[in-house]
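A.B. asks: quick one: sequence plus predicted model below, questions after.
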Amino acid sequence: TGKRLGGTHHETFGLRDEQAEAVNRTLAYYRSIWAEDANAAPRFLWNAKMRFGKTFATYELAKRMGMRRVLVLTFKPAVADAWQDDLESHVDFDGWQFVARNVDLEYEGCDPERPIVCFGSFQDFLGINKETGGIKARNEWVHLEDWDLVVFDEYHFGAWRDSAKR
């Protein structure tokens, strides 16, 4: 197509029908909630089968909604590679930035003019400093950012624990 891409962005596949339906339903729901209350924080659950492509569909949703700051909290940190690979390999997300614990790019080093996806474990980002009782100093920035979209991935692995509920 003549479009120049940075990095390793080479994948060009689109959403499958069921992914497009999930994105469209979520988008319609969010818009209906925001029509009633522009400051509302809508919640939507995708109860999708394995291999559905929730990661790619989530990124497409964020892009369609114009989200520029996406926080992905997971109860299973081993899925970080999938989140990073989908973002860094698909042409739709050329220019997006991925921040995670084991990635060279730190949040402070991101270009604020480009979309940022921050991935981290629920336990780490929302954990408490045992000595002071407050937020861990290294994670304070997570709590200060005004996130456009917060995603809970692998929710079923820990959402019902007392610490998660708090």
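C.D. replies: Arrived safely, thanks for sending. Keep in mind that what you see is a predicted model, and the values were worked out from it rather than measured. Numbering: from 1, shown residues only.
A.B. asks: pretty sure Glu145 contacts Val99?
C.D. replies: No - using Cβ atoms under 8 Å as the test, Glu145 is too far from Val99 to be in contact (10.7 Å). Bear in mind the C-beta positions are built from the backbone N, C-alpha and C, glycine included.
A.B. asks: please say which of the two ends up with more neighbours.
C.D. replies: In terms of neighbours (other Cβ atoms under 10 Å), Val99 is the more surrounded of Glu145 and Val99; the figures are 21 against 12.
A.B. asks: residue furthest from the geometric center of the chain?
C.D. replies: The outermost residue of the chain relative to its centre, with distances by Cα atoms, centre = their mean, is Glu131 at 29.9 Å.
A.B. asks: give the helix, strand or coil label for it.
C.D. replies: Taken by DSSP: H, G, I helix; E, B strand; the rest coil, the conformation at Glu131 corresponds to coil.
A.B. asks: what separates it from Val103, distance-wise?
C.D. replies: With distances taken as Cβ to Cβ, to the nearest Å, Glu131 is found 27 Å from Val103.
A.B. asks: repeat for Asn24
C.D. replies: Noted for Asn24: a distance of 31 Å to Val103, by Cβ to Cβ.
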